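In: fold the following for me, if possible:
(2 chains)
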Amino acid sequence: MAVYEQTYKRYAGPLTPEWSRFFIIPRHAYRGVFKSKLFTAFFVICFIPLLVEAILIYLQHNVNALGILRVNVRELIPIDASFFETFVNLQGGFAFFVTLLVGPPLVSRDLRNNALPLYLCRPFSRTEYVLGKMSVLLILLSLITWIPQLLLFLFQSYLEGASWFVNNLWIASAIFIGSVVWILLLALLSQAVSALVKWRVVASAALLGIFFIPSVFGEFINVVFWTRWGHIVSLGALMKNVSDGLFGTFVRTTGRIVGFDGGVAREVILNEPPLWCSWAALFVICAICLALLSKKVKAYEVVQ
Amino acid sequence: MAVPAAIQEQSIQEQSANSDAVIDLHGLSVNFGRRPILQNLRGDLRGRAIGLLGPNGAGKTTLIHTLLGFHPPSSGTAQIFGLDIVNDANQIKSLVGYMPERDSFIAQMSAVHFVRLMAELSGLPPEAALERAHEALFYVGLGEARYRKLDTYSLGMKQLAKLAQAIVHGPKLIFLDEPTNGLDPPARARMIKLIREIRDSGEAHIVLSSHLLLDVEECCDEILILRDGQIAVYCNLEEERKSNRKFLMMETRGEQSKFVEAIAGLGCEYALTGDHRLKVVLQEGVEVRDLYRLAADKQVQIRRLSYKRDSLEDIFLKAMENGHGSL
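Out: Presented below is the predicted three-dimensional model:
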């Protein structure tokens, strides 16, 4: 079917392996994503805390630099699990905003334009489609979360020595697992919302709502019922508990209230839900998202 | 590692050996919930271009979707080039192209980007996909507009872009669902010309679903008329055209009674349909020249002679009136 021949001709060249085809979606999606100067600028900003983190690690090990800056090493933040957890959580916040910008139109645009039949009439399954769309986010978010954090962990290990690396290898696993759980949750939620809502702005608003409305509701439950179980519906609180658990900073009792019940003073100890509850809640949310995607990502909706 | 398309196709052909049929229907039924949409479709379609006809809701699009694997059969099955639509769905999808009825594209993409993406999803490496995308767009006549965004295309251009994405990977079977929908006469003529060119290239089979009988008549050599999810009529248009060569319409001047007696003497049936007009069914061994000879003998002028053939419209209307036909 050469341009000059103007005849129909079949293709007889090589084909790409089937397993690699889901990568086609992120490759093409990034062309559109990085066309936006605003997004590109924001994505660059996402690396600033990582730069600060690298500088802090470097300063800890550079006496000359500390001397020039007239800073005592004790005044610097210690490089430990809490240090990494703080930056992992900070990057998690940036990941949320990247998801807000990139995630909502991914599936909704295809649904709005009836593009799904075009994908699914090819040797390309629904699973590959979802995987491809999710990997648009997973790759982007990995670039600003666990990949640089692990590189900085290696940087710290390099400066501190092999024994520090061996003793703190669990921090690396906490960085990896915590970040992956968070970006997986973000990717699944944004895809599910994107599959449900066809308009980008509404999908972005819905995604924001999913994070903030249950949090407010959870706090309301906490205040009214003198408990911390309201956190079970708050995605932010769930992720914080999971992250604290992974970095070894999880504390169950987070407060006490002294109140009067029928004129009698009563002390209530406020306990966070157990860690396994947070994990289970996240698992349920992911399962619901997958079920929604499975229902919505079809070539055609069947009207029964 | 990249696998040459020719080798993959060869292995598929080995699996589908002994099957000349393009589409083989084995009691295919599809239900949406409890509602039957397709019921016990049987038969094999072998034409170079197969037309799917039927009124709205007859099940044409559902049949195409089922063959593409979008809807699971509730009973029975079908084969495309000898490959089962359920068990070998992925292999079938690598052999077919699909142009949907509704507007289907990816917004905010240029046509060349869109068609390239579709080619890559079909398994073409990026460079080959880009090359074929340019070729396909030139082929359908969108060469000059290929860098424009699809959102800015007219309806006719969108139809052509849909055709381009359906043929970009060079499929062996192309499903075209209402390809001339909403097109003005020149755009329709262009689309029909392209479909006929693809058919005549001998490189691909075509399944054309359309409400427009003329489109099907111009492009197809085999038709399947569906009604209420069942096969109402199967017709091989080529054979129909050949058989219609026996039916003649004549307009004469002169003494007709002796002429028609002579025609009856040849063993042909005839019917007078009006002043100086008659229909004749030629018998085996009787040629048109024999009629001219008789006319000369009986001093009758044959002013007009034409083959009376059942038009597709006649076939379609009969199918809608009559019961169910079968292959």
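In: show me where the stretch 1-150 of chain B has helices.
Out: B:5-15, B:60-67, B:89-93, B:111-121, B:126-140 (DSSP state H, counting those that start in this stretch).
In: same check, this time on the stretch 201-327 of chain B
Out: Under DSSP H, counting those that start in this stretch, the stretch 201-327 of chain B gives helices at B:213-219, B:237-243, B:256-265, B:288-297, B:312-321.
In: as a markdown table, these with distance to residue B:175, mean pLDDT and mean neighbour count would be great.
Out: Heads up, the C-betas are built off the backbone N, CA and C, glycines and all. Listed next are the helices of the stretch 201-327 of chain B as a markdown table, based on distance: least, C-beta to C-beta, whole Å; pLDDT from 0 to 100; neighbours: other C-beta atoms under 10 Å in any protein chain shown:
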| stretch | distance to residue B:175 | mean pLDDT | mean neighbour count |
| --- | --- | --- | --- |
| helix B:213-219 | 13 | 87 | 20 |
| helix B:237-243 | 19 | 71 | 13 |
| helix B:256-265 | 48 | 88 | 16 |
| helix B:288-297 | 41 | 89 | 15 |
| helix B:312-321 | 20 | 72 | 16 |
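In: which stretch among the ones you listed comes nearest residue A:134?
Out: Across the helices of the stretch 201-327 of chain B, residue A:134 has its closest neighbour in helix B:213-219 (41.3 Å, C-beta to C-beta).
In: for the closest one, which helices and strands make contact with it?
Out: Other elements packing on helix B:213-219 under the criterion 3 or more C-beta pairs under 8 Å, 6 or more residues apart in numbering or on different chains; DSSP states H and E are strand B:49-53, helix B:185-201, strand B:205-209, helix B:312-321.
In: by mean pLDDT, show me the worst of these.
Out: Of all the helices and strands packed on helix B:213-219, the minimum mean pLDDT falls on helix B:312-321 (a mean of 72).
In: how far does it sit from its chain's centre?
Out: 16 Å (C-alpha atoms, centre = their mean, to the nearest Å).
In: and residue A:298, how close does it get to chain B?
Out: From residue A:298 over to chain B the distance is 8 Å, taken as C-beta to the nearest C-beta, to the nearest Å.
In: hmm, I was thinking of residue A:23
Out: Distance from residue A:23 to chain B, by C-beta to the nearest C-beta: 10 Å.
In: hey, which of the helices of the stretch 1-150 of chain B is tucked in deepest?
Out: helix B:111-121 (a mean of 27; mean count of other C-beta atoms under 10 Å in any protein chain shown).
In: quick one: contacts of that one?
Out: Outside of helix B:111-121, the residues within contact range by C-beta atoms under 8 Å, 6 or more residues apart in numbering or on different chains are A:16, A:21, A:24, A:28, A:31, A:118-119, A:122, A:124, B:105-106, B:109, B:126, B:128-130, B:132-134, B:136-137, B:142, B:145-150, B:153, B:161, B:164-165, B:168-169.
In: buried only: go through the residues you listed for me.
Out: A:16, A:21, A:24, A:28, A:118-119, A:122, A:124, B:105-106, B:109, B:128-130, B:132-134, B:136-137, B:142, B:145-146, B:150, B:153, B:161, B:164-165, B:168-169 (16 or more other C-beta atoms under 10 Å in any protein chain shown).
In: what is the neighbour count of residue 285?
Out: No chain was given, so I picked chain A. The tally of other residues near residue A:285 (other C-beta atoms under 10 Å in any protein chain shown) stands at 18.
In: look at chain B instead
Out: Neighbourhood size, residue B:285 [other C-beta under 10 Å]: 8.
In: so residue A:254 belongs to a strand, correct?
Out: Yes: counting by DSSP: H, G, I helix; E, B strand; the rest coil, residue A:254 falls inside a strand.
In: ok, now which ones touch it?
Out: Here residue A:254 is in contact with A:228, A:270-272 (C-beta under 8 Å, 6+ apart).
In: the residues you listed: which two are farthest apart?
Out: A:270 and A:272 (7.9 Å).
In: ok, the two, which is more surrounded?
Out: Comparing residue A:270 with residue A:272 by neighbour count (other C-beta under 10 Å), the higher total belongs to residue A:272, at 22 against 15.
In: against residue A:88, how distant is the more buried one?
Out: 19 Å (C-beta to C-beta, to the nearest Å).
In: the nearest residue to residue B:25 once chain neighbours are set aside pairs with what?
Out: With sequence-adjacent residues excluded and distances taken as C-beta to C-beta, 6 or more residues apart in numbering or on different chains, residue B:25 is closest to residue B:41, at 4.4 Å. Taking DSSP bridges as the rule, residue B:41 bridges to residue B:28.
In: re earlier: joint contacts of residue A:270 and residue A:272?
Out: Joint contacts of residue A:270 and residue A:272 (C-beta under 8 Å, 6+ apart) are A:228, A:253-254.
In: how many other residues sit next to the closest residue to chain A within the stretch 201-327 of chain B?
Out: Nearest residue of the stretch 201-327 of chain B to chain A: residue B:201, at 4.4 Å (C-beta to the nearest C-beta). If you count neighbours by other C-beta under 10 Å, residue B:201 ends up with 14.
In: before we move on, what about residue B:144?
Out: Around residue B:144 there are 9 residues (other C-beta under 10 Å).
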